[in-house]
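In: whatever this is, show me its structure:
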Amino acid sequence: MILKEQDNEFTLDCLLLAGRIMIESGAETYRVEDTMLRMARSQNMPDAQCYATPTGIIFSLGKTQPTRITSISKRITDLQKISLVNSVSRRLTSHIITLEEAYDELKSIQKTNYFLPNHVQILAAALASGCFLILFKGIWSDLPITLVAGGLGFAMLLLMNHLTRVKFFSEFTASLTIGLVAYLAIGFGYGTQIDKIIISSVMPLVPGILITNAVRDLMAGHLMSGLSKGAEGFLTAFAIGAGIAVILSF
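Out: Numbers count the residues shown, from 1 in each chain. As a prediction, the model looks like this:
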């Protein structure tokens, strides 16, 4: 009996770890619940129940089995980790690996940082801003300014996020930097279309995946998760707009 309880506790640890990694990496709520339930069924626990939100998970292995609650305090967008957890889940449900092996892989995934170095992220943001300028039918002479504005804005985002850990303030400061660079460039005659420069430069900051996940959760019937993610996306959009508005108002 004691051994069985220990096995159940270990199963809970493994499944909650998988769910935590997915939510912290920006996965949709319905995907998190489906993954955890599939993993539970692979361990002969068909009565498992799961309730996930962006801020926590409640999971039970069955009516007479233990129930565990875990809170989620941070969320980023890391599609690599989501993909790796899905891979572990598929191999576990196909009985290619054991639960112990799955737990070890999940611990490794949780500890590993799959993000590219900061300078590569900044370079990618600058190039993306330039591409958006062409996509929005901007003029080629504004391309250098857009590259600089997009890169500096994203660099400020990373810096302020490291210093303050406040997402709203980081995004506000980043958009403020972009607006200031664009305004000064136009003022000194280095740019022409300030609207295209600003719009293109803020695109790397736009929470596209967050808004998409919010809509997908709403369509899947997870109203609380969809609304909360939508509200988070709205706050990000408001921070970006407020930073640009501050510059343009002066």
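
In: geometric centre of the chain: which residue is closest?
Out: Central residue of the chain (CA atoms, centre = their mean): Thr77, 2.1 Å from the mean position.

In: please look at it and Ala27 and confirm they touch.
Out: No. Using CB atoms under 8 Å, Thr77 and Ala27 do not qualify as a contacting pair, with a distance of 9.6 Å. C-beta here means a position set from N, CA and C on the backbone, and glycine is covered the same way.

In: next, count neighbours for Ile76.
Out: The local packing count at Ile76 equals 11, with neighbours defined by other CB atoms under 10 Å.

In: what does Ser87 give?
Out: 12.

In: go on, the one 5 residues further on?
Out: Other residues near Leu92 come to 25 when the count uses other CB under 10 Å.

In: for Glu33, same thing?
Out: Counted with other CB under 10 Å, the burial measure for Glu33 works out to 21 neighbours.

In: check the gap between the nearest residue to the residue nearest to the centre of the chain once chain neighbours are set aside and Thr212 for me.
Out: Nearest residue to Thr77 in three dimensions, chain neighbours excluded: Gly26, at 4.2 Å (CB to CB, 6 or more residues apart in numbering). Going from Gly26 to Thr212 by CB to CB, to the nearest Å gives 10 Å.

In: ok, those two, which is more surrounded?
Out: Set side by side, Gly26 and Thr212 show more neighbours around Gly26, with 19 against 13, by other CB under 10 Å.

In: report the secondary structure state of the more buried one.
Out: Assigned with DSSP: H, G, I helix; E, B strand; the rest coil, Gly26 falls in the coil class.

In: counting by contacts, list what the helix or strand of the chain with the lowest mean pLDDT packs against.
Out: Using mean pLDDT, DSSP states H and E, the weakest-scoring helix or strand in the chain turns out to be helix 2-24, at a mean of 81. Using 3 or more CB pairs under 8 Å, 6 or more residues apart in numbering; DSSP states H and E as the contact criterion, the elements in contact with helix 2-24 are helix 29-42, strand 49-53, strand 56-60, strand 67-71, helix 79-93, helix 99-111.

In: so which of the ones you listed gets nearest Leu176?
Out: Between Leu176 and the helices and strands packed on helix 2-24, the shortest gap by CB to CB is with helix 79-93, which sits at 28.1 Å.

In: can you list contacts of that closest one?
Out: Defining contact as CB atoms under 8 Å, 6 or more residues apart in numbering, one finds that helix 79-93 is touched by 18, 21-22, 25-27, 31, 35, 38-39, 41-42, 97-99, 102, 105-106, 109, 114, 209.

In: redo that, cut-off 7 Å
Out: Contacts of helix 79-93 from elsewhere in the structure, counted by CB atoms under 7 Å, 6 or more residues apart in numbering, are 18, 21-22, 25, 27, 35, 38-39, 42, 97, 99, 102, 105-106, 109, 114.
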